[in-house]
Every structure is written in C-alpha cells, then in structure tokens.
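Asker: what shape does this take:
(6 chains)
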Protein chains: 6
Amino acid sequence: MHDDGLQEVKNPSEIFLSEREKEITGSVVTSSIEGTRPILLEVQALVTPSSYGNPQRVATGFDYRRLSILLAVLEKRANLRLSAQNVFLNIAGGIRIDEPAVDLAVCCAIASNFTNKFAKSDTVVIGEVGLGGEVRSVSNIDKRIQEAAKLGFKKVVIPSNNYKTIKSKTTIEIIPIENLPSAIKEILN
Amino acid sequence: MHDDGLQEVKNPSEIFLSEREKEITGSVVTSSIEGTRPILLEVQALVTPSSYGNPQRVATGFDYRRLSILLAVLEKRANLRLSAQNVFLNIAGGIRIDEPAVDLAVCCAIASNFTNKFAKSDTVVIGEVGLGGEVRSVSNIDKRIQEAAKLGFKKVVIPSNNYKTIKSKTTIEIIPIENLPSAIKEILN
Amino acid sequence: MHDDGLQEVKNPSEIFLSEREKEITGSVVTSSIEGTRPILLEVQALVTPSSYGNPQRVATGFDYRRLSILLAVLEKRANLRLSAQNVFLNIAGGIRIDEPAVDLAVCCAIASNFTNKFAKSDTVVIGEVGLGGEVRSVSNIDKRIQEAAKLGFKKVVIPSNNYKTIKSKTTIEIIPIENLPSAIKEILN
Amino acid sequence: MHDDGLQEVKNPSEIFLSEREKEITGSVVTSSIEGTRPILLEVQALVTPSSYGNPQRVATGFDYRRLSILLAVLEKRANLRLSAQNVFLNIAGGIRIDEPAVDLAVCCAIASNFTNKFAKSDTVVIGEVGLGGEVRSVSNIDKRIQEAAKLGFKKVVIPSNNYKTIKSKTTIEIIPIENLPSAIKEILN
Amino acid sequence: MHDDGLQEVKNPSEIFLSEREKEITGSVVTSSIEGTRPILLEVQALVTPSSYGNPQRVATGFDYRRLSILLAVLEKRANLRLSAQNVFLNIAGGIRIDEPAVDLAVCCAIASNFTNKFAKSDTVVIGEVGLGGEVRSVSNIDKRIQEAAKLGFKKVVIPSNNYKTIKSKTTIEIIPIENLPSAIKEILN
Amino acid sequence: MHDDGLQEVKNPSEIFLSEREKEITGSVVTSSIEGTRPILLEVQALVTPSSYGNPQRVATGFDYRRLSILLAVLEKRANLRLSAQNVFLNIAGGIRIDEPAVDLAVCCAIASNFTNKFAKSDTVVIGEVGLGGEVRSVSNIDKRIQEAAKLGFKKVVIPSNNYKTIKSKTTIEIIPIENLPSAIKEILN
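Answerer: Residues are numbered from 1 along each chain as shown, chains lettered A, B, ... in the order given. This next block holds a predicted model:
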C-alpha cells in the first residue's frame, strides 16, 4: 500500500483516480471503508481463454473463495459463460479488502473485461451481491457517496435498499440498482 | 460485516430482513448467537450442473468441510443427487458462522435452489443436522424464537427435542421437526 | 458447542443422550475428557459408495489424518473394504476432539454405517486403537465409567488393559475388549 | 496424551509398555526427550498395497515430510520397495514427536510391517537416520538408555557414534549400529 | 538476509550492486522501501520450457499469486507466450518483498530471460503494474530515485504519473513510462 | 536438534563432523549463522528416478520452494537433468535453515548424489546461488571461515565477491568461486 507517500496527497483517494486508464476494459472504481473513513479503490479484472481443462482463478487483495462464488453468480444470473475462462482479479495499490461492499465492482470489472466493453470511468460502483444476483445494501452509504462526490465522480451506483436511507445531500447523480444484470447494463458502455 | 452502519438501525437483524428477495430460490433465514444475543441471518445457496468431472464446492462464511458433510447427508437422507453439482454457499452480509444451529437452514437453502422451489419467506429455520438426517436440538432456543417473532416472521421451524423445553410465550407459530426430509417438505413451497 | 443453553441442564452429557436416534446406523456414544471432567459424545459416520476414483474423506471435529489411519486399520484388521467408499465423520454438537480415547467409537460408528447394522444404543465405547488393531488403554477410566453409569447407560466397552486398574464400584456392565474386531462384534447388533 | 491418568503410574513410560502387543508386526519402542526427561514411546506402522496410482502416506504425531524422506531412504539404502505401498504411521498415545532420534524406530517399524517380520519386543531402538542410510548420534544417550533399562528392556540399539561417549553403567545390553540395514537386521526376528 | 554483515558496508544497497552479473539475462534491479529507507534489490527470473502439461510457477521472496497475475498480464498485454513455460522468480539476498512497486521489475526480469535479451545493467526499474498493462505510480518516488543515483546507476525507469510530482534534483536520467510494453522495450537491450 | 547433549561438547559444530560418512555421495558440509555464531551443518541429498509422472520433491529443514528453484538452476545452468527425478533434501540433526548462504551446499549435495560422485569431505561449501547460476556473496564470511578452520577442515569454497573482503588470516585453503558449475567441479571428486 502507498504508505508515507500518501501523506503528501490531500486525500488518499485522489491517488487512485490519477492512475485511471480510461481506455482499458476490466477496471471499475469502488469504495471501501478502511477503519472509519471511506477510500476509493480501483478493482481490475483480466479474463483470458483457458487453454487447459482447469481454468485459473487468481486474486490478489480479495478472497479467492469469494471470487469463485461471484463467478458462479455471474454465470447463472448474468449469463456470462466464465467457466472455461481464466480470471485474474487485482485491487490496485496492493490493498487487501474484506468487506462485501466491493462485490458489485468486482462483478462489473469481470463483465467489462470479458465482454470487452469499457466501464464508465466517471462512476463509482457500490454493493454486496447475493447468490440470487440481488444487490444488497451496505453500511456507511453516506460516507461512501460523499467521498465519490468530493473526488469528482459524476455518478454512483448503489443498492436500491440503501437509496431510501440516504441522509446527505449531494450533487453527484445517484443510481439505485436492484440486481446484478441491471448494474452491468448501467455501468458498461 | 455491516459495522457502524448497524448503529443507525434499532435491531441488527432488521437489516437482513429488508434485503430479502422473495422471488429467488436458495435463500433461507436462520438464527445464530453472536456473543450472547441472537442475530437473524440469510443463508444463500446456488447449485449449478458441473461441466467437469470435479464439482466445485465453495463456501464463504461457513466451514467448507461442514458443507461437504451436509451435502452427503442431503444425498443419502433426502435423496437429492448433488454429487455432480457445483454448490456455492454464502452467508449474506459477509458474516462468518461456526455453530451447528445453522445446519438445517444451509440444507434447506441448497434443497430450495436445487429443486427450484421457493423457501417460505415468512419462516425462520433453526437446527443442527446429524449424519443420520435427524434434526438435533440447539442452545438458546427461547432467545432465537423471540428474535424471529420480534422481526415479524410468522413461523419458526425448530428441533422437536427443543420443543418440549420452550419456556417463553410467543405469538409466532412454532413447528417442531424431527428430521431433514420433514424440514425440507415444510419449508419449500 | 451448546454454550449457555447447557446451564439449564443438570448434567451436560444429558443433552447428547436426549438426541440419540436409536434407529439410525453409524452412531456410537463415547466419552471424552474436557478439561478435568468427562463428557459423553455422539460420534456419527456416514459411508457412501464413491462414484469417482478419488473417494472423499471428510471429518468435522476430528483430525482428518487420524480418520485416514483408522480407515486403514479397519480395512486391514477388521476386513472392511472401505477404500472405495466416501466416509464422512461428525462429532455431534459441533465439538472438537483431540484425544485418542475416541478412536474405538469412531471405528465402530464407521463399521455400523458401512455394514448397515445398528450399534447398541445402551453402550458407551471407549478406547484408543493401535495400527495393529489392538485396543489401547486410556486415562481417567474411572471418571469415564461413572459418567456413563450416571446417565443410564447399561454397558461400557473399555480397553482390557484398563480393566485391571478400575478402582470404583459401579452397577454398569463393563466389557473389556482386546482388539478392534472384538469391539465391532460386541457393539453391533 | 494420557494426562492425569499418568499420575497414578510410577513411571510414565510404563504405561506404554503395558500396551505392547508382541504378536503384531510394525511396532517398535523408541525413546524421546520430553522437556528434560526421557519417555519411551511405541511407533507403529501399517503398510498396505496401493490400489490406485497415488499411494497414501499418512502420519499422526510425526512430520509428514520426514516420513516421505525416510521412505526414500528405506527404498534406496535398505532395498524395500515401498513406492507403490500405502504407509500409515502412528505414535501410540496421541503424542507428537519432533526430534530426529526416533527416525530409526520409524524405519524399523515400517520394515517390520512391510516384511511381515516381528520386531524384537525386548529392544528399544534409538537413532537419527541420514539420507545415506547412516545412523547418526543423538543427544542425551545416557538418559535414554537408563530409562530403557529401568523399564525392563533387555537390549537397546543405539548409534555407534554415541557408543564411545556413554558414561553410565547399566545392565542392559547395548548394541551399537552404524547404518539402517544393520539395524533392521538386528531388530527384526 | 545479509544481517550483521551489512554493518560493515556504508550503504546496504551497495552489496547488491557488487553481485550483479551483467552477462546473465533475467536480472533487473529495483527499489523497495524497507521501513522508511529505500533499498535496491535484484529481481531474478528463470523461464524454462515445461515438459509436462502443468507448468511450474515458483517464487521465493515474492507472493505466488502476484506472480501468476503478472504472468497473465505479460501474456495478454505484452504478447509473451508464457503459459507453457516454467517460471522461477527469486529476490536475491533472501529478502521478502510485499509492495507492488517491484511489479515492473518482476515483469522485465521475466521478459528478459524468456526473450533471452539482456536487461540494461545501469538502469533501476520502478513501478506497479495494473491488469491493463498500465504502469501505476508508487509512493516515495524521490527517495527511490536518490538511492539509485547514489549507487551509480545511470537511469531509472519510473511510472509517468510519478514523473510530474518529483521534487528532488538529480543527475540520474529519469525515464517516465506509461505501460508494460514500453518498459520492456526500454529496459531490454 | 541436539539440545542439552550439546553442552558436553566443546564446540557444537564438532558433533556434526563426527557423524560424517565419507563413503556416501550426496553429503556436503556448509556453514550457517545461528543467532550470532557460526555453526557447521551437513546437507544431505538423495536423488532417485521417478517411477510416476509427478516427481517428488521433499525437504526437511529447508524451504520447499527454494529447493524447487535451485533444481531449476541446476538443470539450466549446470546441465543436470533433474526434472524426472525424485529429490529428497535433509539438514542433518533436525535443524531448520532459512538463509541463502547454504544454497551452494544444497546444489552440490544434489549434484553429488545425482552424478554418484563423492563430494570432498575435507571441504566446507558456502554461498548463495542466483538464478543465473552465479555464486553470490554472504554475510559474516570471516566467522564462517574461522569455524571451518577450527574444526579441521582443509578447504573452504566461498563466493569470489567475498574473497576480496576477507580480513582474518587463516591456515585453511580458501577457494573463491564465481558460479555453480565451477563449484560443482571443485567439490566433486
């Protein structure tokens, strides 16, 4: 993780933004809570055809089993045929995430690279994904939205169950989402 | 786990309820004891045909070996042919459970998704499952039932051995169950 | 493990007894020492034909390698052809055991389910099993026997080397056993 | 491990002796240092033909990799064709050993069961085994020999390099050994 | 790691430099932050054809999963066909690195050995590699550049996003790089 | 490890020397730093043809992945065809080593057993091995050489980069080595 280098930057999330390559598929920005403050992160996926019978699934910074489950959900609920693909997942910056709030961004990054469609670079994606493909609410939704707004993002995709409880006012466009297929449709160009 | 977001909610179990997608198979609500208080949880299962010889069995928030054993029990005692299926199990909310009291909900969630029948959304399922397919009693049954009643559930399926020892009065319908096949019959629509 | 629920019960071993399903094969009661006091436990085994070349061996609450070794002993010393079978082992109640005194009960539970013969439900089985199939003495034999008697069991199978050293008087029938085949013969109906 | 039951016995090693089944192949007594005092242990091996391509090698109480290496030494230096055999190794009493001084007993127990020859039941076997098949000296040789003598063993096989340094007088017959094949010849009947 | 031997050397990075074999492919110098100070390291790769279907990927001092991901990026973004190759990675000196700033050097070392082209021995390579093949900025870039200059290196390859923020003046040639293919082109002779 | 037995010996390294079997291939003496003092160790290798497709690689007291990497270096840089061989590695005395200074002795022991040539028994071998086959300098070279001289060894093979920095005078013959093939040539008879 970028440790003392971060102290020179006003906001630790900015450093992630500056890196964003808008021309590459498989990259989605999400928000995680580190301790008590929100941090924006870039989730990256790389999907390649598996030349052998046993496809590779490798993640750094994200739980391997969680990735396996999200791949099954993508296959069953979003009709992406990933079972014969190698899937690599990376959280940029060497960070490790444990909370389910990044599930939706992981799914969208995989969908983006697999379908070879760009994810909208002005949008932050937040939400837990259930095995039914439903997008589930997350904690601290206000903090996460404010951070996205502060860093200049135009839109934020959030769970529809969180939408009703938002207290803060913000200029960022908030897009409530009910399930995984809708989120993928929304986020991919 | 939903950490500080929970503090805004009166009862931590409510958050799980609000998420429930009634139209998806493979989802069952159960009750676990976190420290000294009961918490309602949603167990989710996804069963897909295995295209390779070696079926996947992946769980997050639940012991992998326990899942393997429950699958064998489902096959032997409830006649569900799961040995050629991929089985994915998830405890919604990123929570990790260690107590056997959620066994029965895990089994019912798998049976629901595999048979493509909805589990009753107004029912909480509680019980340890033995290798003989028997449903075994659990601790703190009163606390668990009260929590289910408080959150508006209509019914609670519990081990018949626990039934005799219930002390508290409650308006929720209590359904004592002796074994796994009866529980599956009761909970699936 | 049944934690605070146990406080309502006079004797923690009673709870296990109340669960016993007499009509299911693969279930044997044994005695383990938790700290300084004896606790009766139910060991459960489920043996199913392996449809693939690589049979499954899964245990919860018991060491996986110990299970593998006991299966080899059962095959070699008791002539049970288990090498092409899936074997699942469970200690009821979510308890984890580390002492070899439960070996004999594990072996008898497997033999019971595999041969489809009921194990005597009024008998507690105690003993370490050596690779030669011999039943080896265990510590605290008096405590273990007293607990079995107190809970109403009629018989207790113990290692013959322990038999000579028993100090306490008891009304329970004590059956000294020298080796695994004799124990299986004794315990299966 | 036999915990408080040991307090009733004068010498903790005696309990192991009482268990010895003289009629079973694959059993050898050795000596290990627990803290500062010697303890006699029974090493047990079970060797069975492997019905599949991938032979099983399972040890409880002994390092799995150490077992693999000793099997290679037995094959290369003592001409025992173990590569297509399942090998199970157990330290009786549920004890775990980490010191190389028990290597020679492990090798002799395997050789005994594989060749179906009894190991001498009146002999304690002590020594580290090198990859060249040489028997290497161990620490605390005097303590180990005294313990074997005290418990009534007639002979003790020790590394020849230890032989020169023995200070204590004893009535037990001491047999210095230079390499693994000699030890096997000496210990098997 | 070179522990007290380091105390005789003025600068701990010097020891690495003295070892550099300029005539061997697969070796690249990078910079890591140990605590608060920069340390120059030599990353070494060895790529050999895989004679079996399952290629070996072994790393010492570097995360195995990170290596797998970087190999996928090299294959997809730099067109190096590594999927049928054994890849061995070593951080010289027995050091273990966890920060992504060494990603680019790892990739260049692998590319060098695989293409059998020498990496420039007067150049230090710094940068995180994203799944899109983009080179991402790292923390402490000034410290890292100063260390490279002090030890006599002529050039340093850094992420272009870091280039804008450099504060220190230095005589070393700084080469900003945007992506992995450009870096490989720059560093290989 | 030889614990209190060591207290009877003047120098802990002597015990290793007394064990050396000069007539066995695959044995090389090296020097490691335990805390602050040097200790001489015997590295042993056993190489056997692999009868199955998947060769075994087992090490006790040495990192498994390090062994895999050194085998690749031996194959590529010293032309030893080890990929279809089982390789077993042992540090005599039950000691565990973590520093790269023993790499060269590990490689020479493997080369000795594989080529069936004796390693010189009067020589201590010291050096880290890089993936290019180069022998890299180690820390504390003076301490290591002094220990080898004190115990009566005639020669010590060291990295040529260490040769220039030796401060102490000694009667032992010092042989500087640049790479792995030269070391193997030097050490094998």
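Asker: now the strands for chain A?
Answerer: Along chain A, the segments classed as strands by DSSP state E run A:27-34, A:37-49, A:57-60, A:85-91, A:123-125, A:128-129, A:135-136, A:155-159, A:173-177.
Asker: show me the shaky parts of chain A.
Answerer: Along chain A, the parts satisfying pLDDT under 70 run over A:1-18, A:20-22, A:52-53.
Asker: re earlier: tabulate the strands of chain A (TSV), appending mean neighbour count and distance to E:Val124.
Answerer: From N, CA and C alone the C-beta is placed, and that goes for glycine too. Shown next, in TSV, are those (neighbours: other C-beta atoms under 10 Å in any protein chain shown; distance: least, C-beta to C-beta, whole Å):
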stretch	mean neighbour count	distance to E:Val124
strand A:27-34	24	28
strand A:37-49	22	25
strand A:57-60	21	24
strand A:85-91	25	24
strand A:123-125	26	35
strand A:128-129	26	42
strand A:135-136	29	45
strand A:155-159	24	40
strand A:173-177	17	44
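Asker: nearest to D:Gly26, of the ones you listed?
Answerer: For D:Gly26, the closest of those is strand A:57-60, at 42.9 Å, according to C-beta to C-beta.
Asker: and the closest one, how far out from the chain middle?
Answerer: 15 Å (C-alpha atoms, centre = their mean, to the nearest Å).
Asker: strand partners (parallel or antiparallel) of it?
Answerer: Sheet pairing here is set by DSSP bridges, and for strand A:57-60 it gives strand A:85-91 (parallel).
Asker: and the contacts of the partner strand?
Answerer: If you take C-beta atoms under 8 Å, 6 or more residues apart in numbering or on different chains as the criterion, strand A:85-91 is touched by A:41-50, A:55-62, A:67, A:71, A:97, A:106, A:109-110, A:114, E:68-69, E:72-73, E:130-131.
Asker: again with stretch A:93-102
Answerer: With contacts defined as C-beta under 8 Å, 6+ apart, stretch A:93-102 is touched by A:1-2, A:15-16, A:30-33, A:39, A:41-43, A:60-63, A:66, A:91, A:126-129, A:136, A:138-139, A:144, B:1, B:93-94, E:98-100, E:128, E:136.
Asker: list the buried residues for it?
Answerer: A:93-95, A:97, A:99-102 (16 or more other C-beta atoms under 10 Å in any protein chain shown).
Asker: and those, which two are furthest apart?
Answerer: For the buried residues of stretch A:93-102, the farthest-apart pair by C-beta to C-beta is A:Gly94 and A:Pro100; their separation is 20.7 Å.
Asker: how many residues are close by the residue of chain A found nearest chain B?
Answerer: At 2.5 Å from chain B, A:Ser139 is the closest residue in chain A, using C-beta to the nearest C-beta. By the criterion of other C-beta atoms under 10 Å in any protein chain shown, A:Ser139 has 22 neighbours.
Asker: repeat that for A:Glu23.
Answerer: 10.
Asker: residues contacting it?
Answerer: Contacts of A:Glu23 by C-beta under 8 Å, 6+ apart are A:Phe118.
Asker: ok, it to F:Ile126 distance?
Answerer: For A:Glu23, the distance to F:Ile126 (C-beta to C-beta, to the nearest Å) stands at 52 Å.
Asker: go on, A:Val124?
Answerer: Applying C-beta to C-beta to A:Val124 and F:Ile126 gives a distance of 56 Å.
Asker: what's the answer for A:Asp122, then?
Answerer: In terms of C-beta to C-beta, A:Asp122 sits 59 Å off from F:Ile126.
Asker: which one of the two is surrounded by more residues?
Answerer: Neighbours were counted for A:Asp122 and for F:Ile126 using other C-beta under 10 Å; F:Ile126 has more, 29 against 15.
Asker: ok, now how distant is the more buried one from F:Arg65?
Answerer: Taking C-beta to C-beta, one finds F:Ile126 at 22 Å from F:Arg65.
Asker: give me the beta-bridge partners of A:Val87?
Answerer: A:Val47, A:Arg57.
Asker: now do A:Val125
Answerer: A:Val157.
Asker: dump the residue contacts of it.
Answerer: Going by C-beta under 8 Å, 6+ apart, the list of residues near A:Val125 reads A:28-30, A:104-105, A:108, A:119, A:156-157, A:183, A:187.
Asker: let's see 10 Å
Answerer: By C-beta atoms under 10 Å, 6 or more residues apart in numbering or on different chains, the residues touching A:Val125 are A:28-31, A:43, A:101-109, A:119, A:135, A:148, A:155-158, A:175, A:177, A:183-184, A:186-187.
Asker: try A:Ile141
Answerer: Counted by C-beta under 10 Å, 6+ apart, A:Ile141 has contacts A:31, A:38, A:101, A:126-127, A:156, A:158-159, A:161-163, A:165-168, A:174, B:5.
Asker: for A:Lys155, same thing?
Answerer: So A:Lys155 contacts A:120, A:122-125, A:148, A:172-175, A:186-187 (C-beta under 10 Å, 6+ apart).
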